[in-house]
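# pasting the structure only:
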């Protein structure tokens with residue numbers, strides 16, 4: 001009577017002589033390194049450990065993969081850089097771990113915040129004047145800037161313009 005084989009046994013039997021090419025092995029190693037660095041970056045940005053530990057973990061990576069690992073780290077940090085958020089963790093990691101010059105990044109953030117603040121002030125004043133002309137005034141009047149389509153469009157174009165500048169900083 002014949003032996004009944006499991007599906008797993010059949011799969012192993014069929015794939016026994018298959019091997020990965022050098023290119024496939026290299027691709028899998030890169031993918032594994034990429035996922036490792038992405039995981040480190042995510043845990044760091046989620047405040048699971050300080051920048052010193054991120055630096056230590058990056059130093060533990062094999063020396064022949066280290067340059068690629070730092071490239072992946074830099075890429076992931078820039079992906080998470082948001083002009084409308086606090087980027088102190090990202091800036092710290094870029095400076096202390098990836099050894100990047102962050103001067104242009106800090107200047108970009110300052111310029112963006114300054115221009116955004118100026119826009120808020122200008123739209124607030126314009127809206128208050130329009131309300132006064134229509135007879136609405138007083139110390140309790142507050143402008144809802146989110147309901148001004150022109151401001152929202154301007155902020156969208158402002159973000160887009162600064163995101164393009166961020167890409168040029170990332171590529172340097």
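Right, received. Where do you want to start? If you're wondering where the values come from, they're calculated on a predicted model, not measured in any experiment.
# May I see the domains of this protein written out as residue ranges?
Split into domains by automatic domain parsing, the chain comes to 23-100, 102-172.
# okay, the ones you listed, which one's buried deepest?
Counting by mean count of other CB atoms under 10 Å, domain 23-100 has the highest mean neighbour count of those, with a mean of 15. Just so you know, the C-beta spots here come from the backbone N, C-alpha and C atoms, and that holds for glycine as well.
# Just give me how far that domain sits from the chain centre.
Relative to its parent chain, domain 23-100 has a centroid offset of 11 Å by CA atoms, centre = their mean, to the nearest Å.
# Let me see the residues that make contact with stretch 115-134.
The contact list for stretch 115-134, computed with CB atoms under 8 Å, 6 or more residues apart in numbering, reads 137, 141, 143, 145, 148, 150-151, 154-155, 158.
# Save the domains of the chain as TSV, and put in mean pLDDT too.
Listed next are these as TSV, based on pLDDT from 0 to 100:
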stretch	mean pLDDT
domain 23-100	94
domain 102-172	93
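# just so I know, which of those lies nearest residue 8?
Nearest of the domains of the chain to residue 8, taken as CB to CB: domain 23-100 at 21.8 Å.
# can you give me how far the longest helix along the chain is from the chain middle?
Ranked by residue count under DSSP state H, the longest helix found in the chain is helix 103-133. In terms of CA atoms, centre = their mean, the centre of helix 103-133 is found 24 Å from the chain centre.
# three-state assignment of the nearest residue to residue 13 once chain neighbours are set aside?
Nearest-residue entry for residue 13: residue 5, 7.6 Å, with adjacent residues in sequence omitted and distances by CB to CB, 6 or more residues apart in numbering. What DSSP: H, G, I helix; E, B strand; the rest coil gives for residue 5 is coil.
# where's residue 5 relative to residue 16, distance?
13 Å (CB to CB, to the nearest Å).
# More neighbours: those two, which one.
Using other CB atoms under 10 Å as the criterion, residue 5 and residue 16 rank with residue 5 on top: 11 against 7.
# Can you read off the pLDDT for that one?
pLDDT for residue 5: 73.
# Name the next helix or strand following the one helix or strand residue 69 maps to along the chain.
If you go by DSSP states H and E, residue 69 is part of helix 63-80. The helix or strand immediately downstream of helix 63-80 is helix 88-96, counting by DSSP H and E.
# so what secondary structure elements neighbour that following helix?
For helix 88-96, the packing partners by 3 or more CB pairs under 8 Å, 6 or more residues apart in numbering; DSSP states H and E come out as helix 22-45, helix 51-59, helix 63-80, helix 103-133.
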